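Novice: Kindly return the folded structure for what I paste below:
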Amino acid sequence: MTVPRILVLLLAFSPLGFSQWVNKPLDAPANPNPHLYEANANARHDISQAIVTAAKSHKRILLVFGGNWCIDCHILDKAFHQPRIAPLLNNNFLVVHVDVGEYTRNLDVAAKYRIDLKKGVPAIAVLDQHGAFLYSTTEFEKARVLTEDDVVQFLDRWKPAKSSS
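Specialist: The predicted structure is shown next:
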C-alpha cells in the first residue's frame, strides 16, 4: 500500500473523517428571531387558519408553544430550518407558534391541547389535518441537548400517513 493510500484510509476512518456523521446537540442561532413568538398574535385565529390550510394540503399541524425569551425555543426553530429537517417538516406539517409570554398568555389554548406549561417550553401539540388533537409533549423543553436525529424521529413518527391513491 502506498503512503497516500494509507493516509486516505487513516483520514477516512479517523474521528475527523467521521465528524460529519456525529450526532451532536442542536445549535443555538447566532441571531435569535425576536419575532418568533408574536405577542399580539391571535393564537386561536392562527390555529383556525392552519386547520383550513392543512385540510387542503393534507398536512398535520404542529403547535409550538414558547416565548421569545426561551433559548430552547430558538434552538428548536433553528433545527426546523436545517437541510435534513426542513423538507420533512415543510412537506408534512404546518407550524403555528403560540406565544405563552412569561407563562401568562394563551394558557387556555395550552390547556386545550394538553400542554403542561409547568414542564417548560418549547412544548408541541400535534393536530391532524382537521384540527383533531393527536399528541402533546414537552420533550423539546431542553432542545439544546437534543440532536437532529431526535427531531427527525419525532417528525417521522407524527407525519401523516401517505395515501395509497
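Novice: What's the separation between L89 and G67?
Specialist: With distances defined as Cβ to Cβ, to the nearest Å, the gap from L89 to G67 amounts to 21 Å. From N, CA and C alone the C-beta is placed, and that goes for glycine too.
Novice: er, D77 I mean
Specialist: Here D77 is placed at a distance of 12 Å from G67 (Cβ to Cβ).
Novice: ok, now F140?
Specialist: In terms of Cβ to Cβ, F140 sits 14 Å off from G67.
Novice: show me where the chain has helices.
Specialist: Assignment of helices within the chain using DSSP state H yields the ranges 3-13, 15-18, 43-57, 71-80, 86-92, 107-112, 148-158.
Novice: So which elements touch the last one?
Specialist: Right, helix 148-158. In terms of contacts (3 or more Cβ pairs under 8 Å, 6 or more residues apart in numbering; DSSP states H and E), helix 148-158 is packed against helix 71-80, helix 86-92, strand 133-137.
Novice: Parallel or antiparallel, list what pairs with the last one.
Specialist: Spelled out, it's strand 133-137. Taking DSSP bridges as the criterion, strand 133-137 pairs within the sheet with strand 123-127 (antiparallel).
Novice: Just want the angle from the strand it pairs with to helix 71-80.
Specialist: Counting by axes from the mean of the first three to the mean of the last three Cα atoms, to 10 degrees, strand 123-127 points 50 degrees away from the direction of helix 71-80.
Novice: Other residues contacting strand 123-127?
Specialist: If you take Cβ atoms under 8 Å, 6 or more residues apart in numbering as the criterion, strand 123-127 is touched by 47, 51, 54, 60-66, 110, 113-117, 133-138, 140-141, 158.
Novice: Least confident of the helices of the chain, on average?
Specialist: The weakest mean pLDDT among the helices of the chain belongs to helix 15-18, with a mean of 46.
Novice: If we go by neighbour counts, what in stretch 26-37 is buried?
Specialist: Neighbour counts using 16 or more other Cβ atoms under 10 Å place L26, P32, L36, Y37 of stretch 26-37 among the buried residues.
Novice: Now do the contacts for the third one.
Specialist: Yep, that's L36 we're talking about. Contacts of L36 were listed using Cβ under 8 Å, 6+ apart, and they are G66, N68, C73, H74, D77, H97.
Novice: Serialize the buried residues of stretch 26-37 to a markdown table and add fields for distance to Q82 and pLDDT.
Specialist: What follows is the buried residues of stretch 26-37, written out as a markdown table (distance: Cβ to Cβ, whole Å; pLDDT from 0 to 100):
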| residue | distance to Q82 | pLDDT |
| --- | --- | --- |
| L26 | 8 | 93 |
| P32 | 16 | 91 |
| L36 | 16 | 96 |
| Y37 | 20 | 96 |
